[in-house]
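[1] Quick one: sequence and predicted model below, then my questions.
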Amino acid sequence: MVCNLRILSLIPSRLYSSIGIGILLLASQGSLAQYSLPKLSILVDNNISSIHLSKAALRMENKMNEDLALDSVDHTPFGLNTFFINPQGWIDSIYYYPTATGYDKKGIYNRNPDGTLFETKIITAAGIIESRSLLVKTSSHEWYLRRWEEGQLTMEMRSTADSIIYQSIRHQSWQPKHYYLIESYNLDKDLKSEVYCEDQELRSQKNYQWFTENDKPKSFLYTSFRRAEGTSKEESEKAEFPVDSVGNVVNERNGTIFDPFRNENFYSRHERFTGIGNPFQNYFTQDSLVKRQEVSEVLTFDGTIMIYEFVMDYRSN
């Protein structure tokens, strides 16, 4: 059986108006959740164009908050990030582990004039694009998002203009074979499909379909197909279940971690984009230009804590 990417052609062909959609480029950063920076509005009011953030170990404490007074603690500060802020208060770029002559990596965040983020890139000091996300608006007013890691396409996603995700393709590997998972949602039939492919061959497929009566959920149909790797043996399954008043699929494993449909609910059946953001956006929460912060990290299971100091150096336009 051929794995046809056009299996999604069942999606209704309708025009949509507009959407605010979100992509989040996650950055791996130690102690990220421990510090906080001024709100972007505060930065704009003070004409701040950049923030250099450094970190240094102060002391080590036991679980009773007693200073262990260890000589081995290295108090040398090091650069953690440099944030570059545009006049509108958006983060334009970030240096990861900045140095006197450059940086280890650089994050770039490109926006439309209305502030909508449409491209993110992480670039190494050698100029290699390590990861990239690109969002475009199609001629039919839908949204198409792609993501690359080290030059390889890893994800594609399509959304209606009113934020419903109807297609997602996750490329798990390209060599020696192309493995990918297609998730689709047929809005007219209330049908979700998960198709797993090896090159152009269909390996498995799961379908989840809702049926209604007077706009209320009545039943849920599950079907599946699977072909064992390296064989022609095929397995299939089909089962229909009632749906309760709150939209859950009623089955004998309800209420347990083994419930195969515990993540399925009629009233939350559509996956949506929830907004756009920079990976650091939620850390800009302070009402003033805070200069220093003392924070702690638990180092060991016995409760040993390292106390760090974050220092913020602000530059104006």
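    Done, it's in.

[2] The closest residue to Arg269 other than its chain neighbours: how many residues sit nearby?
    Among residues not flanking Arg269 along the chain, Trp210 sits closest, at 6.4 Å (Cβ to Cβ, 6 or more residues apart in numbering). The C-beta positions use only the backbone N, C-alpha and C, and glycine is treated the same way. Using other Cβ atoms under 10 Å as the criterion, Trp210 is surrounded by 20 other residues.

[3] Quick check: which element contains Trp210?
    Per DSSP states H and E, Trp210 falls inside strand 201-213.

[4] how far does that strand sit from the chain's center?
    Distance of strand 201-213 from its chain centroid, counting by Cα atoms, centre = their mean, to the nearest Å, is 25 Å.

[5] what distance separates the helix or strand following that strand from the centre of its chain?
    Downstream of strand 201-213, the first helix or strand assigned by DSSP H and E is strand 216-227. Distance of strand 216-227 from the chain centroid (Cα atoms, centre = their mean) equals 28 Å.

[6] so where's the stretch 201-317 of the chain uncertain?
    For the stretch 201-317 of the chain, applying pLDDT under 70 flags the ranges 274-277.

[7] go again using 90 as the cut-off
    Within the stretch 201-317 of the chain, the set of residues satisfying pLDDT under 90 comprises 201, 227-234, 255, 272-283, 295-307, 317.

[8] can you pull out the strands in it?
    201-213, 216-227, 234-242, 284-286, 292-298, 305-316 (DSSP state E, counting those that start in this stretch).

[9] Tabulate the ones you listed (CSV), appending distance to Gly255.
    Shown next, in CSV, are the strands of the stretch 201-317 of the chain (distance: least, Cβ to Cβ, whole Å):
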stretch, distance to Gly255
strand 201-213, 20
strand 216-227, 17
strand 234-242, 15
strand 284-286, 38
strand 292-298, 34
strand 305-316, 39
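
[10] So which of these is nearest Asp74?
    strand 305-316 (10.7 Å; Cβ to Cβ).

[11] outside of the closest one, which residues touch it?
    Residues external to strand 305-316 that are found in contact with it (Cβ atoms under 8 Å, 6 or more residues apart in numbering): 31, 34-35, 37, 46-63, 65, 73, 77, 80, 289-299.

[12] In strands only, show me these.
    Of the positions in the contacts of strand 305-316, 37, 48-61, 80, 292-298 sit in strands, assigned by DSSP state E.

[13] Just the buried ones among those, please.
    Among the ones in strands among the contacts of strand 305-316, those buried by neighbour count (16 or more other Cβ atoms under 10 Å) are 37, 48-55, 57, 59-61, 80, 293, 295-296.

[14] Now do the contacts for His75.
    Residues near His75 by Cβ under 8 Å, 6+ apart: 56-58.

[15] what's the closest of those residues to Tyr222?
    Lowest distance from Tyr222 to these (Cβ to Cβ) belongs to Ala57, with 53.9 Å.

[16] Isn't the closest one up against Val73?
    Yes: assessed by Cβ atoms under 8 Å, Ala57 is found in contact with Val73 at 5.3 Å.

[17] With respect to Ser163, which of the contacts of His75 is nearest?
    Closest to Ser163, out of all of the contacts of His75 and judged by Cβ to Cβ, is Ala56, at 43.4 Å.

[18] so what's that closest one closest to, chain neighbours aside?
    With Cβ to Cβ, 6+ apart, the residue lying closest to Ala56 is Pro77, at 3.7 Å.

[19] Verify the contact between the one you found and Leu58 for me.
    No: Pro77 is beyond contact range of Leu58, at 10.4 Å (criterion: Cβ under 8 Å).

[20] can you count the residues close to Lys177?
    Neighbours around Lys177, by other Cβ under 10 Å: 11.

[21] What's the separation between it and Glu183?
    Lys177 is 20 Å from Glu183, where distance means Cβ to Cβ, to the nearest Å.
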